[in-house]
Each structure stands twice: as C-alpha cells, then as structure tokens.
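Participant: need coordinates for the following:
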Amino acid sequence: NMEWNEHKNNVVSSKAQKAPKVVRRPHKTGGFFHFFNNLVHYNTGSRPRVWELDLFRGALMLFVTLDHVVNFGFQLGFFDFKTPAMIWFAENVLRVYLNSSFRVGIQPFGLFIFSFLSGISCSFSDSSLKRTIKMVILCGVYMGVFALIHVVAPDLVTSYFIFNIINVLTICVLVWDLFDLIKLPTWVRTVIGLVIGAVGLTYYFSYFVRGTAYIENEFLALLVYNRHALELVQNFEPLFPHMGFFILGGVLGGIVYSDKKSKTKSETCILPLRPLAIMGKNSLVTYLFLPVILLGLVWVIENFVWIFIQ
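Facilitator: Numbers count the residues shown, from 1 in each chain. Predicted structure coming up:
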C-alpha cells in the first residue's frame, strides 16, 4: 500500500508540473483592417462563397464600369487627349461605342441579369436585417451625393433626384425581406415575379420600339420605362421589370442553392479570374468607386503622361 500511494503521488505531482494547455483563437481585426481584408481577399467568411455568381456579377460590373467611364469621361471633358493616337482612339472607338445602338440595346439587359443574380444571392444571405440596413444607408448616401453634385455642378447633373439600379435593388431587398417575414409561399413569389417582369418588359419594348409609352402620374412613372420618367429623373431605371427578375432570381436561388454551396467542382475560381470574382463579391463598392478611380487615371494620363509619349 505504501508503494502504491507513493506511485500515485508521483503521478499527481508530474501532472501538476505540466504547463497549462493554451487555447489559440484566431486573431480578429476590426474597423478598416477587417473591411480591407474582406475587400481584397476572396473566401474570408465561415463558408466558401458561391464563386460562379461572383464571377458573373464581376463581369457585369466591369462592363458597367467601363461604360460609366466612357460616358462621364466625355461629359467631363476627360478625353481631350493631346497625342494623335489617343485622339483617334477617343473619337473612333470610345465615341462610336457611346453613340452605338449596341450600347442602347445591351445596357438594360445587363441590368436585368444583374438584378436576377442579386436575387439569387439574396436568397441565401444569412443576415437579412444587416443587408437591408446597409442597402438603405448606401442608397441614402448615393442620393445625397447626387443632390450635392447638382448644387455644385448643375450643368453636369440636371436633376436633384435620381432613381437608378441602386434605388431599385434597395426596394427589391426590402420587398424580399417582407416576403420572408410573412412567409410567402414560393409559388406566390414566382407568380408575382412573372407578372412584374411581363409588365415591365411590355413597357420596355413599347418605349424602345415604338417610343409611345408615357405615364402622366409622376409616382407611377417610376415603375416602368416611359418618356415622362426619363424627363423627370436623371439616370433612370424603373422598378419593373427589374423587381420581377430579382424575385425570380430569389426563387431560383432558394431551389438551386438550397445548400448555399457552389455547383462547380472547385471551391473557388482559377487565379486569373479571381479579380473579377472579387469585383462581383464587392459589386456595390465596385459600382460606386471603381469608375471614379479609373476616371482619375484617365485625367492623369491626359494631363501628365502625354508629355512623355508625344
């Protein structure tokens, strides 16, 4: 017994001498560093992102960004280049694109697809309240900046009020959250999306093909494509059919992406396409800030770089 007690005491003593186990927790950063990390890296969340949706959104954002750069570049006089090659490019490529029927025809359909993809993404978002608050704040800031530009540069912006894809998507997110709140059945959402889409497309073709659509009521004019809304509002995009595509995207996303996972074999896109996927992941940031950055680069090229290449 004495030997057994001595052995037990030695075991207890050796355990007591062991260093306590240290539990390492992942380092968390907040504020700007957390925002920057999410901005420049791809899979930063608890689960891999559905990268094919980000890739499609990123491709659309690239097209929209370049379109805005060309459009506002001519409005602001940023393409007043000094070298023959740059002048030729501005007049024979950029201006031709800006005035082309291709641009007029393809631009709305690009926004239809973007609304559809936004609906799919909205269907498997974890924090609907956080998303809604973010969209409302973003929309308010966007409209406030637009009104401020009108005051500072009235020749550039001719209207205090703007109603474009940012406003439309904000309303769509609010409506989708309402659907979730009242637990609206999928088949009812599908019918609503089809009806809204059909009405919106009918007015779209009526306006762009015959040019006759005109709605007197200023509030109802914001619902569909028509001449009155385009006279009232700068940079106008109607609620219909975009909301219809958004709702149908949400319905399809809930079915196809019920497990909230990518439908491809890879968890992320290949490296050469990663920048497009990051643009799609941060589509609203891309929409708001990338055109400004590119216009700034154009201004630098126009005013300084041409000195060294003439």
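
Participant: tell me the domain ranges of this protein?
Facilitator: Following automatic domain parsing, one finds the domains of the chain at 47-124+270-310, 127-256.

Participant: any idea how far Asn226 is from Glu52?
Facilitator: Going from Glu52 to Asn226 by Cβ to Cβ, to the nearest Å gives 35 Å. C-beta: built from backbone N, CA, C; applies to glycine.

Participant: rewinding a little: do you know which of the domains of the chain lies nearest Ser262?
Facilitator: Proximity to Ser262 (Cβ to Cβ) singles out domain 47-124+270-310 among the domains of the chain, at 4.9 Å.

Participant: quick one: average pLDDT of the closest one?
Facilitator: Average pLDDT, domain 47-124+270-310: 84.

Participant: so which of Glu52 and Asn226 has more stuff around it?
Facilitator: Asn226 (24 against 16; other Cβ atoms under 10 Å).

Participant: helix/strand/coil for Leu294?
Facilitator: helix (DSSP: H, G, I helix; E, B strand; the rest coil).

Participant: give me the element the residue nearest to it when sequence neighbours are not counted is part of.
Facilitator: In this structure, Leu294 finds its nearest non-sequential neighbour in Val69, 4.8 Å apart by Cβ to Cβ, 6 or more residues apart in numbering. Assigned by DSSP states H and E, Val69 belongs to helix 51-75.

Participant: any idea how far that helix is from the chain center?
Facilitator: 10 Å (Cα atoms, centre = their mean, to the nearest Å).

Participant: with stretch 137-154 instead?
Facilitator: 19 Å.

Participant: would you mark the buried spots in the one helix or strand Trp299 maps to?
Facilitator: If you go by DSSP H and E, Trp299 is part of helix 283-300. The neighbour-count check on helix 283-300 (16 or more other Cβ atoms under 10 Å) flags Ser283, Leu284, Thr286, Tyr287, Leu290, Pro291, Leu294, Leu295, Val298 as buried.

Participant: repeat that for stretch 251-268.
Facilitator: For stretch 251-268, the neighbour count (16+ other Cβ under 10 Å) marks Val251, Leu252, Gly253, Gly254, Tyr257, Ser262, Thr268 as buried.
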